[in-house]
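J.: A structural model of the following input is requested.
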Amino acid sequence: MFNFENFFHDDVKPAAGRAGGFPPYNFIGGHNDPACVPVDELQNSAMRVFEKYGQRLATYNLGDGPLGALPLRRFLATSLKERAGMRCSEDEILLVSGSLQALDLVNQTLLKPGDTIIMEESTYGGVISRFRHLKVNIIGVPVTGDGMDLDRLEAELEQLKSNRVCPRYIYTIPTVHNPTGTVMPVANRKRMLAIAASYDVPIFEDDCYADLVFEGTRPPTIRSLDDSGRVIYCGSFSKTVAPALRVGYLVADWAFLSHALSYKTDAGSGALEQLVLADFCEEKFNRHVSSLSTHLAEKSRAMCEAVDKYFGTAASYHVPKGGIFIWVTLDPSVNTAELARLAAAEGVAINPGPEWSLGAQAGHQMRLCFGYPDIDTIDTGVKKLAEICRGAFGLPEVIANQ
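T.: As a prediction, this is how the structure comes out:
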């Protein structure tokens, strides 16, 4: 057997493990509820798409150009205006293979090793790993109940300015933050824009969970409040329709988008998924998202109730305002990386804090996803997790129903 070990670079990533299926209590990943995937309606859309566009599959990007399928870009231009107060044309929207490709394109366009970026201290794990791989300097800003701590952001920018360092951009998830579930108020969005303008820094607004707000209406995007073109925006259908479709979008002024587009050398993201989504979303997106948000709100309550019941005062968290995650802080004596290892052996999968945060508390924090498991599984799984935590760390001291 040929040995590739001598041909790998020194910084090659560790080998991936083989897929083994989901554990019984799966609280990791960004999966959504299988019962909420609109299978029949997507199937009907697929049939219509094949009848209408089937022969156009003979051309890359359906002949609509490298920005992606025009019907979906037109839908997004209308939907973003109606739902998020954001005005953009179809020519300011680039369809991509999930939001991570959007991030990669922005990073290829703006970053090189040694650059500095600012982000929320706790954030999407895929962002942290990418920044580390690019060898950029990461400055984390704590997250409050209203999103990024803007006083701290301003202080960090002032310190960087005194050192003659200009960060390449501010990365933020303002609406249904991952992992904390917080939503940044409109006044804070305006203040963030003012801060960014005073230090002349771009903003990358990641809005992948914004349609899944449980209470009230979705707030306007930061980009919608900006008239300078400094805000780059990305969204996704992964959380609103289905993760496996792998369709995201990048929105920016053409002055930036034209450069980012030059790094998209994959001959186009899957056009069939784009067309199916365009057909489905035109009439059914708003109703579907409303129903999904209501369902996820019930599961969020079930998760919070389970954590309260089984962990008691040993756990604290912000009640999520949307999305599919709860970010839990445990006693400092609990090592969540070790807890994750022990729990995995018992069929309970959790995300330990260090994978999702740069903060000092990360070692005793964890992210729990309530999107995929049903309500009964949530309750049973959290109870089991509390039992494992008590056996290993002595907390919680008392578990309900024991």
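
J.: quick one: low-confidence parts of the protein?
T.: Applying pLDDT under 70 to the chain picks out residues 401-402.

J.: counting residues, which helix of it comes out longest?
T.: Within the chain, and with DSSP state H defining each element, the longest helix by residue count is helix 271-311.

J.: what is that one packed up against?
T.: Contacts of helix 271-311 with other secondary structure elements, assessed using 3 or more C-beta pairs under 8 Å, 6 or more residues apart in numbering; DSSP states H and E, are made with helix 39-53, helix 70-84, strand 325-330, helix 375-393. Backbone N, C-alpha and C define where each C-beta goes, glycine included.

J.: what's the closest of the ones you listed to residue 283?
T.: With C-beta to C-beta as the measure, helix 39-53 is the member of the helices and strands packed on helix 271-311 nearest residue 283 (9.3 Å).

J.: using PDB, list the CA coordinates for the closest one.
T.: Only the C-alpha atoms of helix 39-53 are listed here, as PDB (Å, rounded to 0.1, in the frame of the first residue of the first chain):
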ATOM      1  CA  VAL A  39     -40.500  17.800   1.000                       C
ATOM      2  CA  ASP A  40     -43.700  17.600  -1.100                       C
ATOM      3  CA  GLU A  41     -43.500  21.300  -2.100                       C
ATOM      4  CA  LEU A  42     -39.800  21.000  -3.000                       C
ATOM      5  CA  GLN A  43     -40.600  17.900  -5.100                       C
ATOM      6  CA  ASN A  44     -43.300  19.700  -6.900                       C
ATOM      7  CA  SER A  45     -41.000  22.700  -7.500                       C
ATOM      8  CA  ALA A  46     -38.300  20.300  -8.800                       C
ATOM      9  CA  MET A  47     -40.800  18.800 -11.400                       C
ATOM     10  CA  ARG A  48     -41.700  22.300 -12.600                       C
ATOM     11  CA  VAL A  49     -38.100  23.300 -12.800                       C
ATOM     12  CA  PHE A  50     -37.200  20.300 -14.900                       C
ATOM     13  CA  GLU A  51     -40.100  21.000 -17.300                       C
ATOM     14  CA  LYS A  52     -39.200  24.600 -17.600                       C
ATOM     15  CA  TYR A  53     -35.400  24.700 -17.400                       C
END
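
J.: list of residues touching it?
T.: Taking C-beta atoms under 8 Å, 6 or more residues apart in numbering as the criterion, the residues outside helix 39-53 that touch it are 62, 241-242, 272, 275-277, 279-280, 284, 288.

J.: returning to that earlier point: hey, which of the helices and strands packed on helix 271-311 is tucked in deepest?
T.: With neighbours defined by mean count of other C-beta atoms under 10 Å, none of these is more surrounded on average than strand 325-330, at a mean of 24.

J.: now whatever helix or strand comes next after it: buried residues?
T.: Toward the C-terminal end, the helix or strand that comes next after strand 325-330 (DSSP states H and E) is helix 336-345. Of all the residues in helix 336-345, those buried under the rule 16 or more other C-beta atoms under 10 Å are 336, 339-340, 342-343.
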